[in-house]
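K.L.:
Got a sequence here, can you build the structure:
(chains A and B)
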Amino acid sequence: MRGVGVPRFVHRHRSALTIGVGLAVIMTVHGSVTSAMRVDAVSVVPTGRLWASNCMQCHGTNGMNGSFNQLAGLPVKSMMEKMHDQQTHSSIMGAQARGYTDDELLTIATYFASLPKP
Amino acid sequence: MTELSRRRFLGLAGAAAAVGVAVPIAAREVTSADAAVAPVVVVGGGMAGASVAKYVRLWSARTIPVTLIDANPDYTSSIMSNLVLNGQRTLSSLKFGWSTLKSTYGVNTLRGRVTAVNPTKRTVTYTNTSGLPITIGYSRLVLAPGIDFLPIPGLTGAAANRAKVVHAWQAGPQTQSLRDQLVAMPVDGTFLLTIPKAPYRCPPGPYERACVVADWIKKNRRSTGYSKPQVYVLDANAGIQAEPHNFSTAFNNIHAGVVSYVPNATVVSVDADAGKIVTTAGHFTGNVLNVIPTHTAGKIARNAGLATAPAAGGGVFCPVNVLTYESTVASGVHVLGDASATTQPKAGHVANSEAKVCADALVRLLSSPALPVDSAPVTNSACYSPITATTASWLSVVYHYDPVSKTMKAAPGQPVEAPAITTGNYRQMNTWFRVLMSDTFGT
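P.N.:
Alright, predicted model coming up:
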């Protein structure tokens, strides 16, 4: 397993709050959105969505409809505890979980926590 | 998706219509379905193609028009198709259509055989079900044509016997043929399975097949006290290509005496009349000849001039930028799944994962203005392999983008194979398959 805190992942940890504030500022200043407007990528493509999509083959599109555990709406703390526990197991979930850094898992967990529960 | 982004994509759709992409060109007759405006055209509705079509729609809040073209009325999953051989599954249970992609996600699905791609004019031409050639434009084209095979070297024999030499490596009629031939095999008969040089589709697949067939033969076509092997695995590679521990255990213990594994056995010739396969590791005679030929990229990609990366054995595949899966040969054309040349395996689960990287990139690239693509994608590969009718193993890998080599690299210590062959794995396999197919074709 790779160590935690790999620098190249730092940019991913802008919080949902930052994104929300960014959006509010843009909407307030401009009133409406035009095609010429430059917007930070994270406001259009939710942080962690692409990484989280790796979970969806077994846990369902958007973390729902899977026959394994549902991930949508799972609190970050709960998800991280499950991942850390899984990393100690010799299961296929354990093997998958060991393939990610703690930073990556946190980003994924934050994304699923932001989705509505099924 | 936020209101902001929805408006951005609506702007995109308007822009696409304004520049008139996807207006049929040189069509003698055009139906309303054929004439769809489609900034993204996907060719091939298998694991990669269906996934990218679905996720571009999902992640663009259904604002980027997507057209999916496939030559067949539906897709037959190669995943799990070895279980047709032992009678645990039917081919019809492996069929998946695109109706949910159409009804829920708004993918424009067309049936037709693509005959030409013009990356300069950004057009793709297909023959529709009425036999009419239709040409449509695209802003981004995704080719997911899967694999083709090189001819079997030195294949001789009567036409009827040559037709019995099947690969069954694209699930369909050949799968049923192989099942029928296995059932018709005499007691104490012999099944010959040849494996081409890597890269080939589904690295564990041939070994899995040998196990499933051996298991069925032990229960149905083996005399008490018979001591000779009845499944010969003739591998052009120097060793087992996936899950070496589990498949060695299967061959040497679980199916000991029934399976004979022969490495470095490249097919030299096949005599379909005599049931004889000559390899670089000796001659073998059998009742069923399951020859999996050397793979190459699907014809559509080869004809478009995109398959410029030679592979061992003589096949060619399509080099791509794995941040976007855009061809390094033709801009605006993306190649996904088994036809591409990457460090990832050719397999359905990872094709779904690659498709999501491509979908995310397409959503960013088609935003107005375009957004930078993700610089650190992660993909995953996972699969289960039945070893008997009740037990299975699994294989798991997570890949990260390596900016130095610009390739996807397996995480340290990976791939990982199941620590044991168990009935629990077999149960999980069915769940995995159901959800994977739902994530690709349904929901």
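
K.L.:
what's the neighbour count on the residue in chain A that chain B sits nearest to?
P.N.:
Here chain A gets closest to chain B at one residue, A:G99, 2.5 Å apart by CB to the nearest CB. Placement of C-beta: from N, CA and C, glycine included. When neighbours are counted by other CB atoms under 10 Å in any protein chain shown, A:G99 registers 27.

K.L.:
which non-adjacent residue is nearest it?
P.N.:
B:V398 (2.5 Å; CB to CB, 6 or more residues apart in numbering or on different chains).

K.L.:
Okay, and the beta partners of that neighbour?
P.N.:
Taking DSSP bridges, one obtains B:N380 as the residues bridged to B:V398.

K.L.:
how many neighbours does it have?
P.N.:
26.

K.L.:
for it, what are its contacts?
P.N.:
Neighbour list for B:V398: A:N54, A:Q96, A:R98, A:G99, A:Y100, B:V378, B:T379, B:N380, B:A410, B:A411, B:Q414 [criterion: CB atoms under 8 Å, 6 or more residues apart in numbering or on different chains].

K.L.:
Let me see the contact set for the fourth one.
P.N.:
Applying CB under 8 Å, 6+ apart to A:G99 gives the contacts A:M1, B:V378, B:N380, B:S396, B:V397, B:V398, B:A411, B:Q414.

K.L.:
Against B:C383, how distant is the residue nearest to B:F96 when sequence neighbours are not counted?
P.N.:
Of all residues not flanking B:F96 in the chain, B:F441 sits nearest, at 4.5 Å (CB to CB, 6+ apart). Separation of B:F441 from B:C383 (CB to CB, to the nearest Å): 17 Å.

K.L.:
B:R122 now?
P.N.:
36 Å.

K.L.:
neighbour-wise, which of these two wins?
P.N.:
B:C383 (28 against 20).

K.L.:
Let me know the secondary structure of that one.
P.N.:
Three-state secondary structure (criterion: DSSP: H, G, I helix; E, B strand; the rest coil) places B:C383 in strand.

K.L.:
That one and B:C202 touch, don't they?
P.N.:
Yes: using CB atoms under 8 Å, B:C383 is in contact with B:C202, at 7.5 Å.

K.L.:
Could I get the full set of strands for chain A?
P.N.:
Along chain A, counting by DSSP state E, no stretch forms strands.

K.L.:
low-scoring pLDDT stretches of it, where are they?
P.N.:
A:1-43, A:66 (pLDDT under 70).

K.L.:
ok, now with 90
P.N.:
For chain A, the stretches flagged by pLDDT under 90 are A:1-45, A:65-69, A:117-118.

K.L.:
which residues in it form helices?
P.N.:
A:16-30, A:49-52, A:56-59, A:76-86, A:92-97, A:102-114 (DSSP state H).

K.L.:
nearest to B:T127, of the ones you listed?
P.N.:
For these, proximity to B:T127 was assessed by CB to CB; helix A:56-59 is nearest, at 33.4 Å.

K.L.:
For the closest one, which helices and strands make contact with it?
P.N.:
Under the contact criterion of 3 or more CB pairs under 8 Å, 6 or more residues apart in numbering or on different chains; DSSP states H and E, helix A:56-59 touches helix B:348-365, strand B:378-386, helix B:423-441.

K.L.:
Adding distance to A:L115, write the ones you listed out as TSV.
P.N.:
Converted to TSV, these look like this (distance: least, CB to CB, whole Å):
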stretch	distance to A:L115
helix B:348-365	16
strand B:378-386	19
helix B:423-441	15
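
K.L.:
State the number of residues packed around B:P186.
P.N.:
So B:P186, with other CB under 10 Å, has 8 neighbours.

K.L.:
Just give the nearest non-adjacent residue to it, would you?
P.N.:
B:N287 (6.3 Å).

K.L.:
looking at it, the one you found is touching B:K276, isn't it?
P.N.:
No: if you go by CB under 8 Å, B:N287 and B:K276 don't touch, sitting 11.3 Å apart.

K.L.:
Now the common contact residues for the two.
P.N.:
By CB under 8 Å, 6+ apart, no residue touches both B:N287 and B:K276.

K.L.:
returning to what we had before: may I have the residues that are in contact with the residue nearest to B:F96?
P.N.:
Residues near B:F441 by CB under 8 Å, 6+ apart: B:A50, B:K54, B:Y75, B:F96, B:G97, B:W98, B:T100, B:L101.

K.L.:
Roughly how far does it sit from B:W98?
P.N.:
7 Å.

K.L.:
residues shared between the contacts of the two?
P.N.:
Contacts common to B:F441 and B:W98, judged by CB under 8 Å, 6+ apart, are B:A50, B:Y75.

K.L.:
Pairing partners for the residue lying closest to B:S177 once chain neighbours are set aside in the sheet, please.
P.N.:
Leaving aside its sequence neighbours, B:S177 sits nearest to B:V166 (CB to CB, 6+ apart; 5.1 Å). Bridge pairing for B:V166 (DSSP bridges) gives the partners B:N290.

K.L.:
Report how many residues lie close to B:V166.
P.N.:
18.

K.L.:
And for B:L150?
P.N.:
For B:L150, using other CB under 10 Å, the count is 14.

K.L.:
who's in contact with it?
P.N.:
Counted by CB under 8 Å, 6+ apart, B:L150 has contacts B:P293, B:T294, B:H295, B:T296, B:G313, B:G314, B:G315.

K.L.:
From what I see, B:L371 and A:V44 are in contact.
P.N.:
Yes: B:L371 is within contact range of A:V44, at 6.4 Å (criterion: CB under 8 Å).
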